[in-house]
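Visitor: pasted the sequence and its predicted model underneath.
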Amino acid sequence: MVLYFTSTVVSPPVTLFMGADKFENEDLIKWGWPEDVWFHVDKVSSAHVYLRLAPGQTIDDIPSAVLDDACQLVKANSIMGNKMNDIDIVYTMWANLKKTASMEVGQVAFHKDKEVRKVKVAKRNNDIVNRLNKTKKESFPDLRIERETRDRLEREDKKKLLRDQKEKEKEEERRKKEEQELRSYSTLMKSENMSTNYDGNDSDDFM
């Protein structure tokens with residue numbers, strides 16, 4: 001089961017989601033999207049919270065209010081973290097999560113530590129947590145099918161862009177060829193390259 005929360009601090013609203021337990025966390029790790037940002041309380045056990053970025057958005061574009069919501073949701077869903085003040089929340093892109101066979105269920109590491117961001121959370125903000133909890137919805141998505149569908153659509157988009165680019169290149173080639181033919185025709189039509197009856201080339205025999 002996956003839990004979904006709606007953050008209304010921006011327009012349009014964004015969705016935050018997390019696994020109901022470590023086994024769902026494992027599935028989210030396996031079938032995450034390249035657009036997903038992963039959040040976790042640093043150095044203590046907590047939920048794995050995700051934010052799916054919009055097309056073209058980067059981790060640097062996350063609004064501070066959305067970042068606050070994600071961090072508060074992570075803290076509230078950490079047994080130890082929820083009781084502590086001045087904790088660190090780490091977050092990084094899903095693609096930076098590293099999973100090996102020797103790791104426990106739900107456990108991850110990072111491919112590149114330098115790509116992990118960290119934000120300090122002073123204390124729990126009940127207003128934020130309560131607002132998010134009121135939007136909570138439970139669902140049982142097929143994460144594998146969702147990811148495979150996402151990848152298929154991306155491939156189709158890339159193929160369309162490639163076709164459009166090739167067609168654009170062909171059109172540019174046709175345009176250049178037409179311009180060259182036009183310049184060549186214009187050159188031939190210049191007066192100095194044309195013969196007239198004043199050049200002695202008149203076919204009629206005048207006295």
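Guide: Perfect, thanks for sending it.
Visitor: quick one, helices of the chain?
Guide: For the chain, the helices defined by DSSP state H occupy 22-30, 64-76, 126-133, 143-188.
Visitor: give the contact list for the nearest residue in space to Thr135 that is not next to it in sequence.
Guide: Once flanking residues are discounted, Thr135 sits nearest to Thr6: 4.0 Å by C-beta to C-beta, 6 or more residues apart in numbering. In short, each C-beta sits where N, CA and C put it, glycine included. Shown in contact with Thr6 (C-beta atoms under 8 Å, 6 or more residues apart in numbering): 13-16, 132, 135.
Visitor: one more time with 7 Å, if that's ok
Guide: Residues near Thr6 by C-beta atoms under 7 Å, 6 or more residues apart in numbering: 13, 15, 135.
Visitor: are any of those residues buried, and if so which?
Guide: Not one of those meets the buried threshold, by 16 or more other C-beta atoms under 10 Å.
Visitor: which of these lies closest to Val37?
Guide: Thr15 (12.0 Å; C-beta to C-beta).
Visitor: and that closest one, how far from Asn126?
Guide: Here Thr15 is placed at a distance of 21 Å from Asn126 (C-beta to C-beta, to the nearest Å).
Visitor: try Trp38
Guide: Separation of Trp38 from Asn126 (C-beta to C-beta): 24 Å.
Visitor: more neighbours: which of these two?
Guide: Using other C-beta atoms under 10 Å, the more surrounded residue of Trp38 and Asn126 is Trp38, with 26 against 11.
Visitor: which residues touch Ile29?
Guide: 97, 99, 108 are the contacts of Ile29 under C-beta under 7 Å, 6+ apart.
Visitor: err, Leu73, not the other one
Guide: By C-beta under 7 Å, 6+ apart, the neighbours of Leu73 are 5, 16, 49, 132.
Visitor: these two touch, right, Asn85 and Val121?
Guide: No - Asn85 is not in contact with Val121 according to C-beta atoms under 7 Å; the separation is 8.4 Å.
Visitor: got a pLDDT number for the residue nearest to Thr135?
Guide: pLDDT, Thr6: 97.
Visitor: show me where pLDDT drops low in this structure?
Guide: 188-207 (pLDDT under 70).
Visitor: do that again at 50, thanks
Guide: For the chain, applying pLDDT under 50 flags the ranges 206-207.
Visitor: okay, domains of it per the record?
Guide: Domain segmentation of the chain under automatic domain parsing yields 2-141, 143-192.
Visitor: so which of those domains is the most surrounded?
Guide: The highest mean neighbour count among these belongs to domain 2-141 (a mean of 16), with neighbours defined as mean count of other C-beta atoms under 10 Å.
Visitor: ends of that one, what's the gap?
Guide: 7 Å (C-alpha to C-alpha, to the nearest Å).
Visitor: one more: stretch 131-139?
Guide: 19 Å.
Visitor: any idea how far Lys160 is from Gly81?
Guide: 45 Å.
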